[in-house]
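Participant: sequence? don't have it. structure:
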């Protein structure tokens, strides 16, 4: 069942930190100080919200398949590589559905090798099985998320979809992108992906819908057609692609899939000892382990019979981080580490140390109630977990910076599984609602900056983990509509560019929803920032011919992987 929570919208000073040993039953003075500061920052964000701008960014836009030539673009940096900037997100959901029920619309900006050649822009729907069925049957799927936080309407929509289409939920493929061995997938939560191609002339083509990747994805679930995770990780050393996928109908509730390059299944490892099905939206990997995040966003379909949403925050279920050996055989077991209940949707990185520890950096949030993660936005902050392999304990669980409300952490993936100095995330300017265009989410965020965090200490420079190393602030009136996208510099093994898109909404007299959708009255701009110096501002920027609405994840596809 497609039980996606609203991943995008529900969600320098030295940071205060939790003490070294994780306490399960009490709150220390340090923790109280951290929580107090987090709440203060949340209050500030809630008092600064521009709800008209927020709603304007949710208006769906038309598909524009034919690439538009952008001739009058300033010259790009010499070390910016050719390829395609991609942004995926839901689009076109009805007012009775949730925003995340929308079909995946992929926006593509093609940057050719010739620096004098024009860039192109296009946007194309992922041609999923669901879209084909709707065209064939002449009717629409009923969305899953408009019912939240109620369960009976969701159950009714699943039954009606089964009657109409013989499948309970639609494969919108609207969440994230993943490339392996030149094959590009469009992903969503708990549903088989679609495989797509990006052509060098700027066109987008779906070449396989609801693919099971050569039998890698079990197809036993009649509601979704099979479970596959929205996120995974690529090991830069081996080229392996690793995903942790979950289900809610039967044990094992999770599995680890390890793919060789090109999505060729190498091994599937069942995770047998989850006591309840939980939403595992992301994972992390080290050189020797896959990290399974058993955090208490539990997925219990029987809740629908009590008119509750299947996904709820259930802290009494506990929270654990599991280390699954990447070379696991039948004699090796998962190592579990208890930690504080909360929610982790997105990770930044994990690595192993020489003294038998595993370090995880991720964004953590803590909902205020069982249904609050569905009905309202829950703030997230950068955290660090230190897992001691010798004792089997989490010996440290720290909020690295309680002053920065952030989403979508990312590192330069060339260094994944290794100790990295920094990560990037988008900064939350404000929180609020209501959202008028869809039933869910009820509230969300406006984004106004990219933040660079230190993940290592530098005593010579006086840098502590969690310190802000730089910020790129969008111009006044612009709001971020993508996560930060890392683009490695050509000829440089260590440095990267950070790319973010912003959409400008007028501060007064915000256009009507109809004008935004049909009359191209908002402006979107691409900002390319040097990852070494965010404070210096954009080194390259250009306007798009059509604006970008809110979406989910983004990425960069090398020219050599385009067709």
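Facilitator: Cool, got the structure. Here the structure is a predicted model, which means the values were calculated and not measured.

Participant: which strands and helices sit next to the helix or strand of the chain with the lowest mean pLDDT?
Facilitator: Ranking every helix and strand in the chain by mean pLDDT, DSSP states H and E puts helix 372-375 at the bottom, with a mean of 72. Secondary-structure packing of helix 372-375 (3 or more CB pairs under 8 Å, 6 or more residues apart in numbering; DSSP states H and E): strand 311-313. Placement of C-beta: from N, CA and C, glycine included.

Participant: tell me where the model's unsure across the stretch 351-500 of the chain.
Facilitator: Scanning the stretch 351-500 of the chain for pLDDT under 70 picks out 372.

Participant: what is the neighbour count of the nearest residue to residue 101 once chain neighbours are set aside?
Facilitator: Once flanking residues are discounted, residue 101 sits nearest to residue 143: 3.0 Å by CB to CB, 6 or more residues apart in numbering. Per other CB atoms under 10 Å, the neighbour tally for residue 143 reads 27.

Participant: quick revisit: following the least confident helix or strand of the chain, which helix or strand comes up?
Facilitator: strand 380-388 (DSSP states H and E).

Participant: now do that following strand: distance to the chain's middle.
Facilitator: Taking the mean of its C-alpha atoms, strand 380-388 sits 18 Å from the chain's own mean (CA atoms, centre = their mean, to the nearest Å).

Participant: same question for stretch 296-309.
Facilitator: Averaging C-alpha positions (CA atoms, centre = their mean) puts stretch 296-309 23 Å from its chain's average.

Participant: same deal with stretch 279-291?
Facilitator: 14 Å.

Participant: please begin residue numbering at 28 from this point
Facilitator: All right, first residue 28 from here; so that's stretch 306-318.

Participant: which parts of that stretch are buried?
Facilitator: 306-313, 316-318 (16 or more other CB atoms under 10 Å).

Participant: export these to TSV and tack on distance to residue 244, pLDDT and secondary structure?
Facilitator: Formatted as TSV, the buried residues of stretch 306-318 follow (distance: CB to CB, whole Å; pLDDT from 0 to 100; DSSP: H, G, I helix; E, B strand; the rest coil):
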residue	distance to residue 244	pLDDT	secondary structure
306	18	96	coil
307	15	97	coil
308	17	97	coil
309	18	98	coil
310	16	98	coil
311	21	98	strand
312	20	98	strand
313	25	98	coil
316	23	97	strand
317	17	97	strand
318	21	98	strand
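
Participant: which one of those residues sits closest to residue 236?
Facilitator: Set against residue 236, the nearest of the buried residues of stretch 306-318 by CB to CB is residue 308 (22.4 Å).

Participant: roughly how far does the closest one sit from residue 350?
Facilitator: Distance, residue 308 to residue 350, by CB to CB, to the nearest Å: 19 Å.

Participant: one more: residue 230?
Facilitator: The spacing between residue 230 and residue 350, counted by CB to CB, is 43 Å.

Participant: and those two? which has more neighbours close in?
Facilitator: Between residue 230 and residue 350, residue 350 has the larger neighbour count (other CB under 10 Å), namely 21 against 17.

Participant: helix/strand/coil for residue 60?
Facilitator: Under DSSP: H, G, I helix; E, B strand; the rest coil, the three-state class of residue 60 is helix.

Participant: then residue 93?
Facilitator: When classified by three-state DSSP, residue 93 comes out as strand.

Participant: that one and residue 150 touch, don't they?
Facilitator: No: assessed by CB atoms under 8 Å, residue 93 is found out of contact with residue 150, at 10.0 Å.

Participant: between those two, which is the more surrounded one?
Facilitator: For residue 93 versus residue 150, the count of surrounding residues by other CB under 10 Å is larger for residue 150: 20 against 10.

Participant: so that one bridges to which residues?
Facilitator: Using DSSP bridges, the bridge partners assigned to residue 150 are residue 91, residue 134.

Participant: distance of it from residue 374?
Facilitator: 29 Å.

Participant: can you check residue 496 too?
Facilitator: If you go by CB to CB, the gap between residue 496 and residue 374 works out to 20 Å.

Participant: and stretch 324-344, end to end?
Facilitator: The straight-line separation of the ends of stretch 324-344 (CA to CA, to the nearest Å) is 9 Å.

Participant: count of neighbours near the nearest residue to residue 442 once chain neighbours are set aside?
Facilitator: Nearest residue to residue 442 in three dimensions, chain neighbours excluded: residue 263, at 7.0 Å (CB to CB, 6+ apart). Each residue near residue 263 was counted by other CB under 10 Å, and the total is 14.

Participant: also residue 380?
Facilitator: 13.

Participant: I'd say the residue nearest to residue 442 and residue 447 touch.
Facilitator: No: Residue 263 is beyond contact range of residue 447, at 11.3 Å (criterion: CB under 8 Å).

Participant: can you list the buried residues in the helix or strand hosting residue 224?
Facilitator: Assigned by DSSP H and E, residue 224 belongs to strand 221-225. For strand 221-225, the neighbour count (16+ other CB under 10 Å) marks 221-225 as buried.

Participant: swap in stretch 321-339?
Facilitator: Across stretch 321-339, burial judged by 16+ other CB under 10 Å covers 321-328, 330-331, 335-339.

Participant: tell me where the stretch 228-377 of the chain is predicted with low confidence.
Facilitator: Applying pLDDT under 70 to the stretch 228-377 of the chain picks out residues 355-358.

Participant: residue boundaries of the helices in it?
Facilitator: Read by DSSP state H, counting those that start in this stretch, the stretch 228-377 of the chain holds no helices at all.

Participant: quick one: mean pLDDT over stretch 137-147.
Facilitator: The pLDDT scores in stretch 137-147 average 96.

Participant: distance check, residue 519 against residue 550.
Facilitator: Residue 519 is 32 Å from residue 550, by CB to CB.

Participant: with residue 543 instead?
Facilitator: 11 Å.

Participant: overlap in contacts of the two?
Facilitator: Residues touching both residue 543 and residue 550 (CB atoms under 8 Å, 6 or more residues apart in numbering) are residue 574.

Participant: between these two, which has more neighbouring residues?
Facilitator: Taking neighbours as other CB under 10 Å, residue 543 and residue 550 compare with residue 543 leading, 22 against 17.

Participant: for the more buried one, which non-adjacent residue is spatially closest?
Facilitator: Sequence neighbours aside, residue 86 is the residue nearest to residue 543 in space, at 4.3 Å (criterion: CB to CB, 6+ apart).

Participant: I'd say that neighbour and residue 574 touch.
Facilitator: No: applying CB under 8 Å, one finds residue 86 not in contact with residue 574, separated by 9.3 Å.

Participant: between these two, what contacts are shared?
Facilitator: Shared contacts of residue 86 and residue 574 (CB under 8 Å, 6+ apart): residue 543.

Participant: SS state for the residue of the chain most remote from its centre?
Facilitator: Largest separation from the mean C-alpha position in the chain: residue 487, at 34.6 Å (CA atoms, centre = their mean). In three-state terms, and counting by three-state DSSP, residue 487 is coil.

Participant: can you give me how far stretch 429-437 is from the chain middle?
Facilitator: Its chain's average C-alpha position is 13 Å from that of stretch 429-437, according to CA atoms, centre = their mean.
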